[in-house]
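# predicted structure and sequence below. I'll ask about it afterward.
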Amino acid sequence: MAKIVLGMLAKPSAAGEPELSLPLTVQDRALLAGPVKLMEMPEVIWDAEARVP
């Protein structure tokens, strides 16, 4: 399903090949390419004691 929707959103590049420019995001444990849900992501459990330098 996602491949069909993404294919419909693609536009021809200068070389004539299908090209797609979409943001990749993770929201609510789902990997999204623009508006299309690609897959579920595993839950990340953050350590409350961890510090970023």
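Yep, it's here. Residues are numbered from 1 along each chain as shown.
# quick check: what element follows the helix or strand encompassing L6 along the chain?
Taking DSSP states H and E as the definition, one finds L6 inside helix 2-9. Toward the C-terminus, helix 2-9 is succeeded by strand 11-12 as the next helix or strand (DSSP H and E).
# next SSE downstream of that following strand?
Heading C-terminal from strand 11-12 (DSSP H and E), you reach strand 18-19.
# list the neighbouring strands of that following strand plus their orientation.
Strand 18-19 has its sheet partners listed here by DSSP bridges as strand 11-12 (antiparallel).
# so how far is Q27 from A33?
Distance from A33 to Q27, counting by Cβ to Cβ, to the nearest Å: 12 Å. (C-beta placed from N, C-alpha, C; glycine too.)
# of these two, which one has the most company?
Ranked by neighbour count (other Cβ atoms under 10 Å), A33 and Q27 place A33 first, with 16 against 9.
# quick check: closest non-adjacent residue to the more buried one.
Sequence neighbours aside, L22 is the residue nearest to A33 in space, at 4.9 Å (criterion: Cβ to Cβ, 6 or more residues apart in numbering).
# which residues does that neighbour contact?
L6, L9, A33, G34, V36 (Cβ atoms under 8 Å, 6 or more residues apart in numbering).
# which of those residues sit farthest apart?
L9 and A33 (8.9 Å; Cβ to Cβ).
# between the two, what contacts are shared?
Listed contacts common to L9 and A33 are L20, L22; contacts here mean Cβ under 8 Å, 6+ apart.
# on that earlier part again, helix, strand or coil for the residue nearest to A33?
coil (DSSP: H, G, I helix; E, B strand; the rest coil).
# distance of it relative to P42?
Look at L22 and P42: by Cβ to Cβ, they are 22 Å apart.
# tell me how far stretch 23-34 is from the chain's mean position?
4 Å (Cα atoms, centre = their mean, to the nearest Å).
# endpoints of that stretch, how far apart?
Using Cα to Cα, to the nearest Å, the end-to-end distance of stretch 23-34 comes to 5 Å.
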